[in-house]
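**Q** return atomic coordinates for the entry below.
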Amino acid sequence: MEKKKQIIGIIGYGNMGSAIAQRIKQAFEVFIFDKDTGKVKSAAGLTIAKNIKELIQNAGIIILAVKPQDFDTVLTDIKHDAADTLIISIAAGIPTQYMEKKLGNVRVIRVMPNLPAKIGKGVTFICKGKFATEDDLHFAKELFNHVGRTLALRENMMDAATAVAGSGPGFLYDRLSDKKAAEWERYAFDVFMPECEASALDRGFSPQQAELIAKWVTEGSLDLLKISKESPKVLCIQVTSKGGTTEAGLEVLRKGNGSLKDATKAAQKKAKELTRR
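**A** Numbers count the residues shown, from 1 in each chain. Down below sits the predicted model:
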């Protein structure tokens, strides 16, 4: 494999972009770019690109980690240089077909990581676009194994994955925010994890997938809570984007009689509403 193909470029250095960069920098050379230069100036062990063009000229794999509202602008910026590049997107609600429509016959992989990726305990779902190869999918799985567990899915399950595993940590942190620290672990494993498994089944996952997802979401979320030393309330805020899937699920949970199944159903509905056509 030629050198450029082994270099990763990450566009967007927010919560998730920075988490991925920090986890993979031991195994790969990583270039980063963010339009907010303040976010990248203290990044250690990474090469800071002056602009997107410089990043694409150096990297053979590009991870798009920008907010959905900035996504079209970035697609326009990379369009003319993306022909021989593997594009990996972590943006919620943006299908591979939409990216292919904007970029042409480009190899696209779509992934959905969750917040515990920060400590290498995330759950990442992966699917490939029409022009990506099985080798591309395998590479993406290997890459995201650095931030936790990976699971390949059909793309029509990505909204369900977003609802259960993307928003799941937020739902757990919300439930734990009124409990004492001594109660967190018991509640998470005895109450939340079985409910999470039932919710995953309800959203269309197989029994084996549902069991694994519930286990990984619960363990990863708890480990992040312990290691970060943040409160559940603070971590819940970190998962919750304004107008996003977690917020939609939390509205249901906080009504008093809302179940986790109802919350994930609302989160999936919001994911579908947010999907670009």
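**Q** all strands of the stretch 51-200 of the chain, in order?
**A** Taking DSSP state E, counting those that start in this stretch, the strands of the stretch 51-200 of the chain run over residues 61-64, 86-89, 107-112, 122-128, 148-152.
**Q** what's the first one in contact with?
**A** For strand 61-64, contacts defined as Cβ atoms under 8 Å, 6 or more residues apart in numbering pick out 5, 7-12, 17, 20, 55-56, 71, 74, 78, 82, 85-91, 139, 143. Where you see a C-beta, it was placed from the backbone N, CA and C, and this is true even at glycine.
**Q** returning to what we had before: identify whichever of the strands of the stretch 51-200 of the chain lies nearest to Gln268.
**A** Nearest to Gln268 among those is strand 107-112; the distance by Cβ to Cβ comes to 12.3 Å.
**Q** weed out the non-buried ones from the contacts of strand 61-64.
**A** Neighbour counting with 16 or more other Cβ atoms under 10 Å marks 7-12, 17, 20, 55-56, 71, 74, 78, 82, 85-91, 139, 143 as buried within these.
**Q** what does the pLDDT read for Asn257?
**A** Looking at Asn257, its pLDDT is 74.
**Q** returning to what we had before: please produce a markdown table containing the strands of the stretch 51-200 of the chain, extended by distance to Ser167 and mean pLDDT.
**A** Output for the strands of the stretch 51-200 of the chain, formatted as a markdown table (distance: least, Cβ to Cβ, whole Å; pLDDT from 0 to 100):
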| stretch | distance to Ser167 | mean pLDDT |
| --- | --- | --- |
| strand 61-64 | 21 | 96 |
| strand 86-89 | 18 | 96 |
| strand 107-112 | 11 | 96 |
| strand 122-128 | 12 | 96 |
| strand 148-152 | 16 | 95 |
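**Q** just give me the residue right at the centre of this protein.
**A** Pro113 (2.4 Å; Cα atoms, centre = their mean).
**Q** identify the residue nearest that one in space, chain neighbours excluded?
**A** Distances taken as Cβ to Cβ, 6 or more residues apart in numbering put Thr124 closest to Pro113, at 4.3 Å, once the chain neighbours are dropped.
**Q** what's the burial count for the one you found?
**A** Residues contacting Thr124 under the criterion other Cβ atoms under 10 Å number 27.
**Q** give me the mean pLDDT for stretch 222-229.
**A** Here stretch 222-229 scores 95 as its mean pLDDT.
**Q** ok, and for that stretch, which residues are buried?
**A** For stretch 222-229, using 16+ other Cβ under 10 Å, the buried residues are Leu222, Leu224, Leu225.
**Q** residue ranges with poor pLDDT in the stretch 51-200 of the chain?
**A** For the stretch 51-200 of the chain, no stretch is flagged by pLDDT under 70.
**Q** how about a cut-off of 80?
**A** Low-confidence segments of the stretch 51-200 of the chain, defined by pLDDT under 80: 68.
**Q** that one: helices as residue ranges?
**A** Here the stretch 51-200 of the chain has its helices, by DSSP state H, counting those that start in this stretch, at 52-58, 68-78, 96-103, 134-144, 158-161, 168-176, 181-187, 193-202.
**Q** who wins for proximity to Phe28 among the ones you listed?
**A** Nearest of the helices of the stretch 51-200 of the chain to Phe28, taken as Cβ to Cβ: helix 134-144 at 7.8 Å.
**Q** now tell me what touches the closest one from outside.
**A** 8, 20, 24, 28, 61, 86, 88, 107, 109, 111, 113, 122, 124, 126, 128, 150, 152.
**Q** chain center to it: distance?
**A** 15 Å (Cα atoms, centre = their mean, to the nearest Å).
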